[in-house]
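1. next comes the sequence, and after it the predicted model I'd like to discuss.
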Amino acid sequence: TQKGTEKKTSVIILPSGGYRVLVDEGEDFARAFTGKGITAFVLKYRLPSDEIMKDKSTGPLQDAQMAIKLVRMNAGKYNLDTNKIGFVGLSAGGHLATTEATHLDTVLIDNKERINLRPDFMILIYPVISFTKYKVNATIARLLGESPSEASLNYFSNEKQVTINTPPTFLLHAGDD
């Protein structure tokens, strides 16, 4: 290939915020990735809300699915490799990324084009992954309500959902996470 024409890797950045706010960190991460030649998108996903959603536990997931669908559908426009689209998830954004990547049979958006909604890789930075073992109660309450069922807690404990189809993942944690 001619220099500059090779298709690029891309990431969709899912910011943190405990499902109650979106921390304004995505732009800094996007700059770091684009500085390395990786195309970056920052997803400003909807926060769970009983007022605007039929099921607040699935609102953010719909947005993550739509984001990867739109990036794949527009890959030609941005000169992207459709087999190198990943998620970068921070804290609750990491939970959202892993929810999408481990619940591939749960499609919550219109996808008559049958676009692949599976991220090809994930970079998870201090992600919330478990809703049963290492609970972050405020995050759980924002997504599932104050008294979630055991079934919901298990369903959204994404460490329990890992299969051979789960994308390769880089995890970054610190001792105080």
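-> Thanks, I have the structure now.
2. show me which helix runs longest in the chain.
-> Taking DSSP state H as the criterion, the chain has its longest helix at helix 59-73.
3. report all helices and strands that it contacts.
-> Judged by 3 or more Cβ pairs under 8 Å, 6 or more residues apart in numbering; DSSP states H and E, helix 59-73 is in contact with strand 8-14, strand 80-90, helix 92-102. No exception for glycine: its C-beta is placed from N, CA and C like everyone else's.
4. the next helix or strand along the chain from the first one packs against which elements?
-> The reference is to strand 8-14. Counting by DSSP states H and E, the next helix or strand C-terminal to strand 8-14 is helix 26-34. The helices and strands touching helix 26-34, judged by 3+ Cβ pairs under 8 Å, 6+ apart, are strand 8-14, strand 39-42, strand 80-90.
5. any idea which of those gets closest to residue 49?
-> strand 8-14 (17.5 Å; Cβ to Cβ).
6. and the angle for the closest one with strand 80-90?
-> Here strand 8-14 runs at an angle of 30 degrees relative to strand 80-90 (axes from the mean of the first three to the mean of the last three Cα atoms, to 10 degrees).
7. distance between strand 8-14 and the chain's centre?
-> 10 Å (Cα atoms, centre = their mean, to the nearest Å).
8. ok, now stretch 14-24?
-> 12 Å.
9. wait, residue 68 sits on residue 100?
-> Yes. Under the criterion of Cβ atoms under 8 Å, residue 68 is in contact with residue 100, at a separation of 7.3 Å.
10. what touches both of the two?
-> 87, 117, 119 (Cβ atoms under 8 Å, 6 or more residues apart in numbering).
11. buried subset of those as a PyMOL selection?
-> Of the shared contacts of residue 68 and residue 100, the buried ones go into a single PyMOL selection, burial set by 16 or more other Cβ atoms under 10 Å:
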select buried, resi 87+117+119
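12. just the closest of the shared contacts of residue 68 and residue 100 to residue 106, please.
-> Nearest to residue 106 among the shared contacts of residue 68 and residue 100, with distances taken as Cβ to Cβ, is residue 117, at 9.7 Å.
13. OK, contacts around that closest one?
-> With Cβ under 8 Å, 6+ apart, residue 117 has these contacts: 65, 68-69, 100, 104, 107, 111.
14. and of the residues you listed, the nearest to residue 37?
-> Nearest to residue 37, judged by Cβ to Cβ, of the contacts of residue 117 is residue 68 at 20.4 Å.
15. which residues sit in contact with the closest one?
-> 12, 85, 87, 100, 115, 117-119.
16. return the distance of it relative to residue 18.
-> 22 Å (Cβ to Cβ, to the nearest Å).
17. shaky segments in this protein?
-> Where the chain drops to pLDDT under 70, the residues are 1-4, 177.
18. nearest residue to the residue positioned nearest the centre of it in space, please, no chain neighbours.
-> Closest to where the C-alpha atoms of the chain average out (Cα atoms, centre = their mean) is residue 97, at 2.4 Å. Spatial nearest neighbour of residue 97, excluding adjacent residues (Cβ to Cβ, 6 or more residues apart in numbering): residue 89 at 3.2 Å.
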